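1. fold the following, please.
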Amino acid sequence: MPTATTTRRTYSLHALGVACGLAAGVWLGAAEAPIKLVTTGLSPFAISLCMVAGVFTARWTFPTLLKGTAYVFTDLAARKHLLVWALLAGCLWAVANTLTVFAIRDVGLATAFPLWNTNSLIGLLWGRVLFRELEGAKLQNIMKVLLGAVLIVIAAIMLGFSTLHGGATTAPHAVRGLIAAGGASLMWGTMYVPYRKAYLSGMNPLSFVTAFTVGELGMMLALTLTLDRNALHQIASSQGLLFWLFLGGFVWVIGDIFQQFATKYLGIGRGIPLSNTNQLWGLMWGALVFGELAAATHTQRLLVIAGSAIMILGALAISTAVASAREQSSTNMALERECDRYGLDYNQTLLSQSGSQHGDELSGPTTRRWWDYAITFAATGLFVLLAMRAVVPPLQMNLLWLITLGLILVATLLGAGWLLWRSTRFT
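-> You can find the predicted model right below:
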């Protein structure tokens, strides 16, 4: 029977996971804005490669300062079997992200975004089949998670249709765009399998992201060199736009870190639908900053209001579905299976998986070395150099709303980041 302390810890970690999932939605929604540069004629491979390069560079700023390279490499060395899974997840992400750029080009962001956001339902299926998520859960919790995930997908579709203007003609490559969006959904939904394996094994999300970004960059380079070498020439001749794409990668890294912590503490079935509220935030950036709904009809505005309300209801349903003792027991059985399969210490893994400070101490040192600061300085310097060469993209933007949404980004970073530090010291 669970003790009062165990129950409090369960509710604390659930609340933490919810906060991380919602914060991920805010940051991942903002990261989609730079993809609008596809309208400037840049190749989808060029855009995706630049964003992935930004992701890789950004990985060596905040995460390096938070834990240090010594901690990260000790954590990776203790769980070598997860390196392949992290690299695989990075490869899947790179392919999926490239497909989304093709989908945006062929059918538009409004149609593509809702389609690839069905990845939450695919992730929910994988979580149930492979990791026993929701096994032993109360019926009302099962209904909350399922209903919440479906509501968020429905809301995403409604928000997507709200940006379709009357009189638009059918895209000449609509079928190709729809297939690309569906492929991205499948890739991203499957990508969460390595996430969950890593966190059931006690790996820190910051360590996982390190290997993950190597897989991303390697796969993206291979795709570009194989399928579109001209993209490299486009990148070389578009230096004024590189900062914005690198910035999109930086924003995505922060959102993904929050998403990974949400997956760790809530599981795939709960964490991913919450992070998929990025559709709402993506729409806000499109409508308020870029004026995409300036000519919207009454029906479109109703779709925005209704879709937003439904998405909020879906998020609330998932947020209140706290795992019961029986469901946690099923999760522990999945954890035991991972420990038996890979020869991990169960008690240490359990402590690490639950974000315990003791588990953090067992995972490795957190001392920052001089090279940690040098790496951070070099990565920051690259962003500064690109910013000095940047030109304002040829897009109309509302600066007031740009600043407002930027302040919201900072507020969610500080708020969710403080909760993570207070509860788990970023473990």
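2. ok, the residue nearest to Leu335 when sequence neighbours are not counted to Leu134 distance?
-> With Cβ to Cβ, 6 or more residues apart in numbering as the criterion, Leu335 has its nearest non-adjacent residue at 5.0 Å, and that residue is Leu200. The way it works is simple: take the backbone N, C-alpha and C, and place the C-beta from them, glycine included. Computed as Cβ to Cβ, to the nearest Å, the Leu200 to Leu134 distance reads 15 Å.
3. cool, and Gln328?
-> From Gln328 to Leu134 the distance is 11 Å (Cβ to Cβ).
4. neighbour-wise, which of these two wins?
-> A side-by-side neighbour count of Gln328 and Leu134, using other Cβ atoms under 10 Å, places Leu134 first with 22 against 16.
5. that one contacts Met143, doesn't it?
-> No. In this structure, Leu134 is not within contact of Met143 by Cβ atoms under 8 Å, at 10.4 Å.
6. Arg326: what secondary structure?
-> Three-state call for Arg326 (DSSP: H, G, I helix; E, B strand; the rest coil): helix.
7. tell me the contacts of it?
-> Contacts for Arg326 (Cβ atoms under 8 Å, 6 or more residues apart in numbering) come out as Gly136, Ala137.
8. now do it against Arg422, distance only.
-> For Arg326 relative to Arg422 (Cβ to Cβ), the value is 29 Å.
9. helices of the stretch 301-427 of the chain, start to end?
-> Under the criterion DSSP state H, counting those that start in this stretch, the stretch 301-427 of the chain contains helices at 325-342, 346-353, 357-363, 370-388, 399-424.
10. do you know which of the ones you listed lies nearest Leu88?
-> Closest to Leu88 of those is helix 325-342 (Cβ to Cβ; 15.8 Å).
11. angle of the closest one against helix 346-353?
-> If you take axes from the mean of the first three to the mean of the last three Cα atoms, to 10 degrees, helix 325-342 sits at 120 degrees to helix 346-353.
12. buried residues of helix 325-342, list them for me.
-> Of the residues in helix 325-342, Glu327, Gln328, Ser330, Thr331, Ala334, Leu335, Glu338, Cys339 count as buried by neighbour count, 16 or more other Cβ atoms under 10 Å.
13. assess the claim that the fifth one and Ser201 are in contact.
-> Going back to what we said before, that points to Ala334. No. Taking contacts as Cβ under 8 Å, Ala334 lies outside contact range of Ser201: 10.5 Å.
14. tell me which element Ala294 is part of?
-> Assessed by DSSP states H and E, Ala294 sits outside every helix and strand.
15. just give me the neighbour total for Thr69.
-> Thr69: 16 neighbours (other Cβ under 10 Å).
16. excluding sequence neighbours, find me the nearest residue to it.
-> Thr69 sits nearest to Asp372 (Cβ to Cβ, 6+ apart), 5.6 Å away.
17. ok, that neighbour - how many residues close by?
-> Neighbours of Asp372 (other Cβ under 10 Å): 19.
18. residues in contact with it?
-> Contacts of Asp372 by Cβ under 8 Å, 6+ apart are Thr64, Leu65, Gly68, Thr69.
19. and stretch 14-24, average pLDDT?
-> On average, the pLDDT along stretch 14-24 is 92.
20. now do the buried residues in it.
-> Neighbour-count burial for stretch 14-24 [16+ other Cβ under 10 Å]: His14, Leu16, Gly17, Val18, Ala19, Cys20, Gly21, Leu22, Ala23, Ala24.
21. and which of the residues you listed is nearest to Leu293?
-> Of all the buried residues of stretch 14-24, Leu293 sits closest to Leu22, with 23.3 Å by Cβ to Cβ.
22. pretty sure the closest one contacts Thr277?
-> Yes. With contact defined as Cβ under 8 Å, Leu22 counts as touching Thr277 (6.5 Å).
23. quick one: the residue nearest to Thr69 and Val214, what's the gap?
-> 18 Å.
24. with Leu159 instead?
-> Leu159 is 34 Å from Val214, where distance means Cβ to Cβ.
25. same question, Ser43
-> Ser43 is 23 Å from Val214, where distance means Cβ to Cβ.
26. more crowded one of the two?
-> Comparing Ser43 with Val214 by other Cβ under 10 Å, the one with more neighbours is Ser43, at 20 against 17.
27. and the closest residue to the more buried one other than its chain neighbours, what does it touch?
-> In space, and not counting its chain neighbours, Ser43 is closest to Ala231: 4.4 Å by Cβ to Cβ, 6+ apart. Listed by Cβ under 8 Å, 6+ apart, the contact set of Ala231 reads Ser43, Phe45, Ala46, Leu49, Thr224.
28. my guess is the second one contacts Asp228, does it?
-> What it means is Phe45. Yes. Assessed by Cβ under 8 Å, Phe45 is found in contact with Asp228 at 4.2 Å.
29. those two: who's more crowded?
-> Neighbour totals were compared for Phe45 and Asp228, and Phe45 leads with 24 against 16 (other Cβ under 10 Å).
30. which strands and helices sit next to the one helix or strand the more buried one maps to?
-> Assessed by DSSP H and E, Phe45 sits inside helix 44-58. Contact here means 3 or more Cβ pairs under 8 Å, 6 or more residues apart in numbering; DSSP states H and E; on that basis helix 44-58 packs against helix 81-107, helix 205-227, helix 230-236, helix 239-266, helix 370-388.
31. single out the most deeply packed of those.
-> helix 239-266 (a mean of 25; mean count of other Cβ atoms under 10 Å).
32. now distance to Leu313 and mean pLDDT too, for the helices and strands packed on helix 44-58, in TSV please.
-> Shown next, in TSV, are the helices and strands packed on helix 44-58 (distance: least, Cβ to Cβ, whole Å; pLDDT from 0 to 100):
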stretch	distance to Leu313	mean pLDDT
helix 81-107	26	85
helix 205-227	28	90
helix 230-236	42	87
helix 239-266	18	88
helix 370-388	38	90
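33. restrict stretch 230-243 to CA atoms and write it as PDB.
-> Taking C-alpha atoms only, stretch 230-243 is exported to PDB below (Å, rounded to 0.1, in the frame of the first residue of the first chain):
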ATOM      1  CA  ASN A 230      22.500  22.100 -54.300                       C
ATOM      2  CA  ALA A 231      21.100  22.800 -50.800                       C
ATOM      3  CA  LEU A 232      24.700  23.400 -49.700                       C
ATOM      4  CA  HIS A 233      25.100  26.100 -52.300                       C
ATOM      5  CA  GLN A 234      21.900  27.700 -51.200                       C
ATOM      6  CA  ILE A 235      23.000  27.800 -47.600                       C
ATOM      7  CA  ALA A 236      26.400  29.400 -48.600                       C
ATOM      8  CA  SER A 237      24.600  32.100 -50.600                       C
ATOM      9  CA  SER A 238      21.900  32.800 -47.900                       C
ATOM     10  CA  GLN A 239      24.000  33.700 -44.900                       C
ATOM     11  CA  GLY A 240      21.600  36.500 -44.000                       C
ATOM     12  CA  LEU A 241      18.900  33.900 -43.200                       C
ATOM     13  CA  LEU A 242      21.000  31.400 -41.400                       C
ATOM     14  CA  PHE A 243      20.600  33.000 -38.000                       C
END
